[in-house]
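*Asks:* Next one to model:
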Amino acid sequence: MLGLIGKKIGMTQVFDAKGVLTPVTVIKIEDNVVVANRTEEKNGYSAAVLATGDMKKERATKPYAGQFADVCDPKKTVMEMRDFESEVKVGDVLGVDMFKDIAFVDVTGTSKGKGYQGGMKRYGFGGGRATHGSKFHRDLGGTAMSSTPARTFKGHRMAGHMGNEKTTVQNLRVVAVDSEMQVLMVKGAIPGPTQSTVIVRKAIKK
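*Replies:* Okay, here's the model as predicted:
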């Protein structure tokens, strides 16, 4: 599967040849360096190890910097891409041009954290009556059994930490690929705040 590490720059809008406006998310695909290859014979699975994002050499520990020896300077982000479709060698530099002939992509990122939230905001519960004297406005309601076993089952939808989860948006249409600026524009929104790291892969359902 083809995939690269990118950075979410933000959202904008573009007009096509017919003058139709399309909202797009701009993803910066900085140079992805192949630092290692995993093989079936040696590792039991096939994958390409990609790294991107410059970092100061003095901030890299010796064990961390060792994986970049004789390949490139230490990078901030290192990820494995399982079953990489293209034949790549250690030291190859991959860019946004890989998506030139791809129409749809899947984008994975970490959604924005929204802190501790109640059931109505977290799961869209309707709540109780808003009238005076209701005593049930934004409460969750019953959360456990009234008889044996008197406990709350795992996975029950209650108040808790909202957001900050690994999220994938599938089948986003590729609107433009800019080789000069090394950016990819996809129709619609993707998870995560601006400047966050995302993984862009060829769509598996298209």
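
*Asks:* From here on, just use CA atoms for contacts and neighbour counts.
*Replies:* OK.

*Asks:* Which stretches in the chain count as helices?
*Replies:* With DSSP state H as the criterion, the chain has helices at 40-43, 62-66, 119-123.

*Asks:* I figured Ser111 hits Ala189, correct?
*Replies:* No. Counting by Cα atoms under 8 Å, Ser111 does not reach Ala189; the two are 11.3 Å apart.

*Asks:* which one of those two has more residues nearby?
*Replies:* Ser111 (18 against 15; other Cα atoms under 10 Å).

*Asks:* who's in contact with the closest residue in space to the more buried one that isn't next to it in sequence?
*Replies:* Nearest residue to Ser111, sequence neighbours excluded (Cα to Cα, 6 or more residues apart in numbering): Gly192, at 4.3 Å. Counting by Cα atoms under 8 Å, 6 or more residues apart in numbering, Gly192 makes contact with 8, 109-112.

*Asks:* How much space separates Gly192 from Ala103?
*Replies:* For Gly192, the distance to Ala103 (Cα to Cα, to the nearest Å) stands at 22 Å.

*Asks:* just Glu41 next, same as before
*Replies:* To Ala103, Glu41 is 33 Å away according to Cα to Cα.

*Asks:* Who has more neighbours out of the two?
*Replies:* The residue with more neighbours, out of Glu41 and Ala103, is Ala103; 16 against 8, by other Cα under 10 Å.

*Asks:* Return the distance of the more buried one relative to Val174.
*Replies:* 5 Å.

*Asks:* hey, which of the helices of the chain is tucked in deepest?
*Replies:* helix 119-123 (a mean of 15; mean count of other Cα atoms under 10 Å).
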